[in-house]
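Chemist: Structure for this input, please:
(one chain, ligands or ions: 1)
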Amino acid sequence: MDALKRQAAAKALEHVRDGMQLGLGTGSTAKHFVDLLGEKVAAGMKVVGVPTSEATRIQAEQCRIPLTTLDVIDRLDLTVDGADEVDGALNLIKGGGGALLREKIVAAASDRMIVIADETKWVDALGRFPLPVEVIPFGLAATQRMMAKAFAESGVSGQMVIRKGKDGHVFVTDGGHWIIDAHLGRIADAPRLAGLLNPIPGVVEHGLFIGLATTTVLAGAQGIRVIERR
Ligand SMILES: O=C(CO)[C@H](O)[C@H](O)COP(=O)(O)O
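Modeler: Just a heads-up that it's a prediction; the model follows:
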């Protein structure tokens, strides 16, 4: 599987040109992309990157990739990032690695977003992977009641679990927030659910990436598929 992730990352790298301003994704697949990009930079490629997590920032620094922020530049040419699920409309579930807030900010500031994944991420409907929702701890029960209402209105339901870290304590994101993983099973209308979650006061961001990915690179046993958003 890791070889497939690296193949997808290498394919995405073919879209990177000298002088580009790049969003650098988070997760085990994006890690390969940052590694391979570092090799290009070592060979003289001139790019600058905005990392989507502290983990990616540290990795990019180790790879000597020049970094900047969205306070210094206002647009990115391309973001390359992984996903937990991709559907036929190239809508995504992201956030399995806890970086969804910065990832969505960076993706939204990018002209293009290439999602790199092994083929197990390709689904006909989002939702088998628990939907990460980044929340503020204050008033959490009230937020969860409003989330349950939003789920019901969009025809889904499921258990909500506060994410714990490996140490058994509540996982805290780079932004200092918590994550609720919602086990919804199958989301028939992801755009509608996203629209219902957006206005909830205690919800900082959610892992439904609607209309952000422009291309998906899927690596599988039969080779690599590149799918453009229609
Ligand atoms: O959204 C993410 C982190 O918040 C990751 O991109 C997503 O979880 C996929 O990770 P991996 O490539 O390790 O499967």
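Chemist: which residues touch the spatially most central residue of the chain?
Modeler: In the chain, the centroid-proximal residue (C-alpha atoms, centre = their mean) is residue 94; its distance is 4.1 Å. Counting by C-beta atoms under 8 Å, 6 or more residues apart in numbering, residue 94 makes contact with 81-84, 100, 103-104, 132, 207, 209. Backbone N, C-alpha and C define where each C-beta goes, glycine included.
Chemist: The ligand next: which of the residues you listed are close?
Modeler: 81-84, 100, 103 (C-beta under 6 Å from any ligand atom).
Chemist: in the longest strand seen in the chain, what counts as buried?
Modeler: For the chain, the strand with the greatest residue count under DSSP state E is strand 110-118. Within strand 110-118, the residues scored as buried using 16 or more other C-beta atoms under 10 Å are 110, 112-118.
Chemist: For the first helix or strand past it going along the chain, which strands pair with it and how are they oriented?
Modeler: Later in the chain than strand 110-118, the nearest helix or strand by DSSP states H and E is strand 131-135. The strands beside strand 131-135 in its sheet (DSSP bridges) come out as strand 178-183 (antiparallel), strand 203-206 (antiparallel).
Chemist: Any idea which of the ones you listed gets closest to the ligand?
Modeler: Set against the ligand and scored by C-beta to the nearest ligand atom, those come closest in strand 178-183, at 9.3 Å.
Chemist: Tell me if that closest one is near the ligand.
Modeler: No. Strand 178-183 lies apart from the ligand when judged by C-beta under 6 Å from any ligand atom; the minimum separation is 9.3 Å.
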